[in-house]
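A.B. asks: Turn this into a model:
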Amino acid sequence: MGEVYGYVRVSSREQNEERQMEAMRRVGVAYENIFVDKQSGKDFNRPQYLSLRNKLEKGDLLYILSIDRLGRDYEEIQNQWRILTKEIAIDICVIDMPLLDTRAGKDLMGHFIADLVLQILSFVAENERKNIRKRQQQGIEVAKEKGVQFGRPKIPDPDNFSVIVKKWEKGGLKFEDAIQECSMSQATFYRRLKDYRSKKR
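C.D. replies: Coordinates of the predicted model:
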């Protein structure tokens, strides 16, 4: 038997990988053989996973807690499973789904069952991710309708904003001094200036 590894992935929303780490400890994966990625929901850049994949050799065993740790959609999960089990020829054990343990059922029926379960679970993982995103968007829309403001609070224009602008436009005030008096960044000042000028028309 080859080396035993574990792969843990958490998104920036989760942050806490302890549940997955505890699962790895329970199945006996050595700490130094656990690879952990923390990545945002927007991209799927996984340097630790790529390092792990480069290290894996035929006959090794990889533990993951759930199938969605391998990818964020149906196609990616299927592709990574194929690379690991067919191209590199390692075994995978999905802790939360004992049917997805390639060490068991090496015969034709075992492969058929594992492939079927994999397809179903990867579809469910992608579908759940889409549903979460849809619910989040619906929640944001409802909150906006109720007047909830998202992002950083808007910096109010100073009472003498028009005076500062006119003084700056006439050359009586340096740009750096103008934005300092307004307590704004350069980008914010230009945005407010654009709004100010459009209101004057």
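
A.B. asks: got the buried residues for the strand or helix carrying residue 75?
C.D. replies: Element membership of residue 75 [criterion: DSSP states H and E] is helix 74-82. Buried residues in helix 74-82, counted by 16 or more other Cβ atoms under 10 Å: 74, 76-78, 80-81. To be clear about C-beta, it is placed using only N, CA and C from the backbone, and glycine gets the same treatment.

A.B. asks: I'd like to know which elements that helix is packed against.
C.D. replies: helix 108-145 (3 or more Cβ pairs under 8 Å, 6 or more residues apart in numbering; DSSP states H and E).

A.B. asks: helix or strand right after the helix or strand bottoming out on mean pLDDT in the chain?
C.D. replies: Least confident helix or strand of the chain, by mean pLDDT, DSSP states H and E, is helix 108-145 with a mean of 66. Next helix or strand after helix 108-145 toward the C-terminus (DSSP H and E): helix 161-169.

A.B. asks: quick one: buried residues of the helix or strand following that next one?
C.D. replies: Counting by DSSP H and E, the element after helix 161-169 in chain order, helix or strand, is helix 175-182. Applying a neighbour-count criterion of 16+ other Cβ under 10 Å, the buried positions in helix 175-182 are 178-179, 181-182.

A.B. asks: now helix 175-182 against helix 161-169, angle please.
C.D. replies: 170 degrees (axes from the mean of the first three to the mean of the last three Cα atoms, to 10 degrees).

A.B. asks: Which strands or helices does helix 175-182 pack on?
C.D. replies: Using 3+ Cβ pairs under 8 Å, 6+ apart, helix 175-182 sits against helix 161-169, helix 186-200.

A.B. asks: ok so, going back, now the buried residues of helix 74-82 as a markdown table including distance to residue 97?
C.D. replies: Converted to a markdown table, the buried residues of helix 74-82 look like this (distance: Cβ to Cβ, whole Å):
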| residue | distance to residue 97 |
| --- | --- |
| 74 | 16 |
| 76 | 18 |
| 77 | 12 |
| 78 | 15 |
| 80 | 16 |
| 81 | 12 |
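
A.B. asks: I appreciate the help and will end here.
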